[in-house]
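Engineer: Sequence first, then the predicted structure, then my questions.
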Amino acid sequence: MGLALSLEQAGVPTVAVHTHVFARLVKSTITTHGMPTARNVFVPQPIVGRTPAELRGYVEGLDPITKRPFIQEVIEGLSQPLNDNDLKGMSFDRSNPRLLPADTEDNLQALFIENKWTDFLPIILPTEERVAAMLKGTSHPPDKIVGRLRATAFREEWEFNVEQVAVNAVMAGCKPEYLPVVLALAASGMSARSSSTTSWACISVVNGPIRNEIGLNSGIGALGPYAHANSTIGRAHNLLSINLQGGSVPGDTYMGSTGNPLNYSTCFAENEERSPWAPLHVQKGFKPTDSVVHVFLAGWYMHAGFGPRETWQEKMTRSMQAAEHYSPPLWVMDPIVARGFVDLGYDTKEKLIAWMARAAKLPAREYWDNQWVQTLVHPHAVAGVEPYASKLKAAPDEMVEIFQEKDINIIVAGGETQGGWKMFSANYRNGTISIDAWR
Amino acid sequence: MADKIIVHDPRGFPPKVTGKRLAPRLEGFDDKTIYLVDCLFDNSEAFMEEMQGWFAAHLPKVRTQMIKPRESWVDDPEMRAKVVANGDAAILGVGL
């Protein structure tokens, strides 16, 4: 979308083709880029899996949105004379008020739901008193800009300040002492409400002293709703992602096809006290006394198992082979599992991760037969970027490694009621953010 | 009657939108070069090839040129400059 608008501005008449399910999204995107009459045409969804003959049928058929011949719309889009609206575009300012008009609690709860400013569960209304109390959780001034968020790469970026993050933290039910964690999540630039059709969520994991200061759970039920801090901090990240990026509305600012239950709240801590290994933040170069949060674009798949038992290598290899191979795994291991691996000689996470990267292989034809690998990895392979270029040269039945060591992560969490692990799809894309910087 | 209260608006700061004009349109297609930009979504290349086939069959005086960015969702200034320098028009597909 950005390319089409850039070409128009450079003097090249352009028509962009999309599948019909994106019609509303396209309209809102070109409007917020100031070019609401940019020429767009539509073909039926999907393109993936259609034969050349079927695709030729799309070209010679009707635009499913306008019901007019597709190719006629393309030709007219490139050649029809411009009108006044085409020549001036559309300028507008959408400044939001700091405070809403006074109303009853019931009406305000209804307003927040109607405007899709919530996750449709009840919220704590952000009164001036509550927001002022929340702001006592940080030394930073309310008007300090924290960062920018957007629903996806081609959307506009919205900016936000400390007070606006605090408003969303109040809505989620956070205590003031949680605010530095919520600010760090907001500053990460990682939306917990990505608009990707792949229905991503954000898994956030906290390391360092703040875990115990605010009561983050890393023991029994760490990944579930069993601690106030875990539940409300994860929820705050989702609510602020909705409101500070310009919405998360299906068909407009959210296009995740199946959706994701992790979009309610997914925040937990590493069980550093019971882990035999270095915690994740130390692996990433931080000091043990630093408080940080790691953000993962996550949640496409989840596998689980026990171990390490006699056939652990076969079981874990099968899980990694079954994982959608664009998105690398984050392993969450109960302390019993971690100590079991130490007994087998894996006395660091790095040693176990190295084994995982060597063990997880697929025939090259299976590796490349994947929608996102084709879309996102294949261009790098063609450009000669390793290790993808070598995988592209491999014979169809040659086994190729699926994941690189740098992309695999391990967290120890759980209450030792069972020696189990869970493996989540989780891209360590936006990295590790200091919480101390937001105290 | 229930008391009224005042609460904060939870939204951030949207950027100000500045209107932008479209490029002048083509007055005819003969001898024009149209770039067909494959946006790299799975199977979009096959769709753009069918577009190219349609132009060859119905508007044979149009020169069509297939081109791809270096990766999905990332601006490719080199490719963009090539289209601006050598193209009379562009068709992008399929996807945002």
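Structural biologist: Sure, I can see it.
Engineer: Now for chain A, the helix or strand with the poorest mean pLDDT.
Structural biologist: Lowest mean confidence among the helices and strands of chain A (mean pLDDT, DSSP states H and E): helix A:371-372, at a mean of 82.
Engineer: burial count for the closest residue to chain A within chain B?
Structural biologist: Here the residue of chain B nearest chain A is residue B:19; by Cβ to the nearest Cβ that distance is 2.8 Å. Placement of C-beta: from N, CA and C, glycine included. Residue B:19 has 15 neighbouring residues, counting by other Cβ atoms under 10 Å in any protein chain shown.
Engineer: which residue sits closest to it in space, ignoring its chain neighbours?
Structural biologist: Spatial nearest neighbour of residue B:19, excluding adjacent residues (Cβ to Cβ, 6 or more residues apart in numbering or on different chains): residue A:89 at 2.8 Å.
Engineer: ok, now how distant is the one you found from residue B:22?
Structural biologist: Look at residue A:89 and residue B:22: by Cβ to Cβ, to the nearest Å, they are 8 Å apart.
Engineer: Please identify every residue contacting each of these two.
Structural biologist: A:35, A:37 (Cβ atoms under 8 Å, 6 or more residues apart in numbering or on different chains).
Engineer: thinking again about what came up before, the residue of chain B closest to chain A contacts residue A:85, correct?
Structural biologist: No. Under the criterion of Cβ atoms under 8 Å, residue B:19 makes no contact with residue A:85, lying 9.2 Å away.
Engineer: returning to that earlier point: enumerate every residue touching the residue nearest to residue B:19.
Structural biologist: Contacts of residue A:89 (Cβ under 8 Å, 6+ apart): A:34-37, B:18-22.
Engineer: Emit the PyMOL select command for whichever of those residues are buried.
Structural biologist: The PyMOL selection below is limited to those of the contacts of residue A:89 classed as buried (16 or more other Cβ atoms under 10 Å in any protein chain shown):
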select buried, (chain A and resi 34+35+36+37) or (chain B and resi 20+21+22)
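Engineer: now the contacts of residue A:89 in a markdown table, with distance to residue B:91, pLDDT and secondary structure?
Structural biologist: Below are those laid out as a markdown table (distance: Cβ to Cβ, whole Å; pLDDT from 0 to 100; DSSP: H, G, I helix; E, B strand; the rest coil):
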| residue | distance to residue B:91 | pLDDT | secondary structure |
| --- | --- | --- | --- |
| A:34 | 22 | 92 | coil |
| A:35 | 17 | 94 | coil |
| A:36 | 20 | 94 | coil |
| A:37 | 17 | 95 | coil |
| B:18 | 26 | 92 | coil |
| B:19 | 24 | 93 | coil |
| B:20 | 20 | 93 | coil |
| B:21 | 20 | 94 | coil |
| B:22 | 15 | 96 | coil |
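Engineer: could the contacts of residue A:89 go into JSON lines alongside distance to residue A:250?
Structural biologist: Below are the contacts of residue A:89 laid out as JSON lines (distance: Cβ to Cβ, whole Å):
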{"residue": "A:34", "distance to residue A:250": "25"}
{"residue": "A:35", "distance to residue A:250": "24"}
{"residue": "A:36", "distance to residue A:250": "22"}
{"residue": "A:37", "distance to residue A:250": "25"}
{"residue": "B:18", "distance to residue A:250": "29"}
{"residue": "B:19", "distance to residue A:250": "28"}
{"residue": "B:20", "distance to residue A:250": "28"}
{"residue": "B:21", "distance to residue A:250": "32"}
{"residue": "B:22", "distance to residue A:250": "30"}
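Engineer: sorry, back to before: can the least confident helix or strand of chain A be said to contact chain B?
Structural biologist: Yes. Applying Cβ under 8 Å from any Cβ of the partner chain, one finds that helix A:371-372 is in contact with chain B at residue A:371.
Engineer: Other residues contacting that helix?
Structural biologist: With Cβ under 8 Å, 6+ apart, helix A:371-372 has contacts from A:48, A:198, A:324, A:326-327, B:42.
Engineer: which of these sit farthest apart?
Structural biologist: A:48 and A:327 (17.9 Å; Cβ to Cβ).
Engineer: Which of the helices or strands spans the nearest residue to residue A:265 once chain neighbours are set aside?
Structural biologist: Spatial nearest neighbour of residue A:265, chain neighbours left out: residue A:234 (3.2 Å); criterion: Cβ to Cβ, 6+ apart. Using DSSP states H and E, residue A:234 falls within helix A:228-244.
Engineer: If we go by neighbour counts, what in stretch A:302-310 is buried?
Structural biologist: A:302-303, A:305, A:307-308.
Engineer: Where helices are concerned, which of those count?
Structural biologist: Judged by DSSP state H, helices contain none of the buried residues of stretch A:302-310.
Engineer: Pick the one among those closest to residue A:398.
Structural biologist: Using Cβ to Cβ, the buried residues of stretch A:302-310 come closest to residue A:398 at residue A:303, 25.2 Å.
Engineer: quick one: contacts for the closest one?
Structural biologist: Here residue A:303 is in contact with A:319, A:322-323, A:422-423 (Cβ under 8 Å, 6+ apart).
Engineer: Below-threshold pLDDT in the chain: ranges please.
Structural biologist: Assuming you mean chain A. Residues of chain A that meet the criterion pLDDT under 70 lie in A:1.
Engineer: try again with chain B
Structural biologist: Looking at chain B by pLDDT under 70, you get B:1, B:96.
Engineer: Give the burial count for residue A:120, as a bare number.
Structural biologist: Residue A:120 has 9 nearby residues by other Cβ under 10 Å.
Engineer: Just give the closest residue to it, not the sequence neighbours.
Structural biologist: Residue A:120's closest residue in space is residue A:113 (Cβ to Cβ, 6+ apart), at 6.4 Å.
Engineer: Checking my notes, the one you found in a strand, right?
Structural biologist: No. Read with DSSP: H, G, I helix; E, B strand; the rest coil, residue A:113 is helix and lies in no strand.
Engineer: That one contacts residue A:121, correct?
Structural biologist: No. Look at residue A:113 against residue A:121 with Cβ under 8 Å: they stay out of range, at 9.8 Å.
Engineer: where do the strands sit along chain B?
Structural biologist: With DSSP state E applied, chain B shows strands at B:33-38, B:63-67, B:89-93, listed in chain order.
Engineer: before we move on, what about the stretch 51-200 of chain A?
Structural biologist: Along the stretch 51-200 of chain A, the segments classed as strands by DSSP state E, counting those that start in this stretch run A:145-149, A:158-161.
Engineer: Would you reformat the ones you listed as a markdown table and include mean neighbour count and distance to residue A:2?
Structural biologist: Formatted as a markdown table, the strands of the stretch 51-200 of chain A follow (neighbours: other Cβ atoms under 10 Å in any protein chain shown; distance: least, Cβ to Cβ, whole Å):
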| stretch | mean neighbour count | distance to residue A:2 |
| --- | --- | --- |
| strand A:145-149 | 20 | 16 |
| strand A:158-161 | 20 | 16 |
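Engineer: among these, which is nearest residue A:415?
Structural biologist: Taking the strands of the stretch 51-200 of chain A one by one with Cβ to Cβ, strand A:145-149 is closest: 33.8 Å.
Engineer: Would you mind listing the buried residues in the lengthiest helix in chain B?
Structural biologist: In chain B, taking DSSP H as the definition, the longest helix is helix B:44-58. Neighbour-count burial for helix B:44-58, with 16+ other Cβ under 10 Å as criterion, is recorded at B:44-52, B:54-55.
Engineer: Any part of stretch A:161-180 near chain B?
Structural biologist: Yes. Against chain B, stretch A:161-180 shows contacts by Cβ under 8 Å from any Cβ at A:161, A:163-164, A:167-168, A:171.
Engineer: Tell me which of the strands of chain B is the most buried.
Structural biologist: strand B:89-93 (a mean of 24; mean count of other Cβ atoms under 10 Å in any protein chain shown).
Engineer: Good, wrapping up.
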